[in-house]
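J.: Attaching a predicted model along with its sequence, questions to come.
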Amino acid sequence: MTSSSQQKLLPVPDALIGAAESVLFAAGDPVLISELQDGLRIEAAQIEEVIAALEVRYSQKDCGVTLIKTDATLQLVSKPENHDAVARVLGIDKKRTLSRAAVEVLAIVAYRQPVTRVEIDKIRGVRSAGAIERLCDQALIQTCGRLDVPGRPHLYETTETFLRLAGIASLKELPEYDTFNEKA
Amino acid sequence: MAAAIHIDQFEGPLDLLLHLIEDNKVDILDIPIAHITAQYNEIIAGWARFDMDDVSDYLLMAARLMQIKSQMLLPQPRAQQSEDPRAELAAQLAQYAVFKRVSAYLQEREAAFLKTCAKDPEYLPELKTPPPEIVPAALSRAMRVMLEREHDVPRPQPILMDAYSVEEQKERICRVLQRHASVAFEGLFEEKSSAQKIIVTLLAVLELYKLEKIDFTQDENHDIILTAKTAAGA
């Protein structure tokens, strides 16, 4: 309630950390951090502590799960390094879902958002409507209003799902555009 | 060209051009346009049998390359320090090359992402929003309104057997008209006939008229007089 609690962080009770873990386990899907915080009836500073505690625990070698964290959501998933074991036992075989065209469009939207289809087409030198539609279906990009020019074309931006796929918490964590610019 | 280059290998004309530039180990900013254009045209000539939809973007680029080539052949006026006709294409290629590198990076990230597994949720996501809160008083009020409304609805009435049928009445009217030349509509009824009998009789009269078995006239008292029509029909 008071701002003083922000300065003096109370140690988070172990039970709260366990409760958060249980919620994330049961949910499977990404959980909104704000909803988790409300559900545990704690403050913003405390939820950060809870997340930090979980991250420390999951960084242990003998722990098989990890968090996919974005600015808005948390998701409990198996560790990538254990993928072979998971795949062998459970017969999971996840195929790539992004075609080359789709990944190119995604790259352009990621760095040029909000961006219109015409701009995407121009950068790629080919029409991209199909790839854009598929990315929208996969919820990796979404429309975000229209550009105020004749024809009022849709503008596209990346989504929360994109952040999880890219393994970043927010767009700010994308590598600088210029890092891709150096001459090979 | 050693091996045939397939259209599916490329994401478009820019992709193909980048491939040729790499293959020839030339600088994007200083493309030997005549050489590259010749190679480019040679490749897409082999694609003529493909769908026009797939090849049209490549043909457009071929035209553009040819235009740049011709511009470079034309002598430029000295005074006019016009820019390199290849500049725009070079910039576009450089930008596309950057996004190809971004794409490679995202594909790596996707591969890593696909190695993580999440379990299915224990809840049905669409049921996650809690049902709206219901105030008991509001619920009882709604119930009362419903009960009151029920009073206004007409109660179901028992269905009475038809005491009279149209067929019966038709026969009766015909019998009456066999004995009398004419009969007043009112004369078909007793002193006190039920509404049902009147309605059924009227229907019978109308039906007989339709069948052209009877005719109507009206007397000075405006009474409706029925007459048999058999004579006229004959």
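T.: Structure received.
J.: Tell me the spacing between residue A:129 and chain B.
T.: The gap separating residue A:129 from chain B is 12 Å, by CB to the nearest CB, to the nearest Å. In this view, the C-beta of every residue, glycine as well, is placed from N, C-alpha and C.
J.: For that residue, give me its contacts.
T.: By CB atoms under 8 Å, 6 or more residues apart in numbering or on different chains, residue A:129 lies in contact with residue A:117.
J.: Near chain A, which residues of chain B are found?
T.: By CB under 8 Å from any CB of the partner chain, the residues of chain B that approach chain A are B:11-15, B:57, B:61, B:92, B:95-96, B:98-103, B:105-107, B:109-123, B:125.
J.: Quick check on these: which are buried?
T.: Buried subset of the residues of chain B next to chain A (neighbour count, 16 or more other CB atoms under 10 Å in any protein chain shown): B:11-15, B:57, B:61, B:92, B:95-96, B:98-100, B:102-103, B:105-107, B:109-110, B:113-118.
J.: Residue B:188 against residue B:175, yeah?
T.: No. Using CB atoms under 8 Å, residue B:188 is not in contact with residue B:175, being 11.1 Å away.
J.: Comparing the two, which residue is more hemmed in?
T.: The neighbour comparison of residue B:188 against residue B:175 (other CB atoms under 10 Å in any protein chain shown) goes to residue B:188, with 19 against 10.
J.: which one's the longest helix in chain B?
T.: What stands out as the longest helix in chain B, according to DSSP state H, is helix B:87-114.
J.: and that one, what other elements does it pack with?
T.: Applying 3 or more CB pairs under 8 Å, 6 or more residues apart in numbering or on different chains; DSSP states H and E, we find helix B:87-114 packed against helix A:100-112, helix A:117-124, helix A:160-166, helix B:13-23, helix B:52-73.
J.: go with 6 Å
T.: With contacts defined as 3 or more CB pairs under 6 Å, 6 or more residues apart in numbering or on different chains; DSSP states H and E, helix B:87-114 has these neighbours: helix A:100-112, helix A:160-166.
J.: C-terminal to the helix or strand bottoming out on mean pLDDT in chain A, what's the next element?
T.: The helix or strand of chain A with the poorest confidence is helix A:4-7; it has a mean of 46 (mean pLDDT, DSSP states H and E). Going down the chain from helix A:4-7, the next helix or strand is helix A:14-27, by DSSP states H and E.
J.: can you list the weak-confidence ranges in the chain?
T.: If you meant another chain, say so; for now it's chain A. When residues are selected by pLDDT under 70, those of chain A lie in A:1-10, A:182-184.
J.: actually chain B
T.: By pLDDT under 70, the weakly predicted segments of chain B are B:1-4, B:76-82, B:124-131, B:160, B:162, B:230-234.
J.: Could you pull out the helices in it for me?
T.: Ranges of helices within chain B are B:13-23, B:33-45, B:52-73, B:87-114, B:136-152, B:166-179, B:195-210, B:230-233, based on DSSP H.
J.: May I see the ones you listed organised as TSV, with distance to residue A:64 added?
T.: Shown next, in TSV, are the helices of chain B (distance: least, CB to CB, whole Å):
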stretch	distance to residue A:64
helix B:13-23	41
helix B:33-45	50
helix B:52-73	46
helix B:87-114	16
helix B:136-152	49
helix B:166-179	86
helix B:195-210	85
helix B:230-233	102
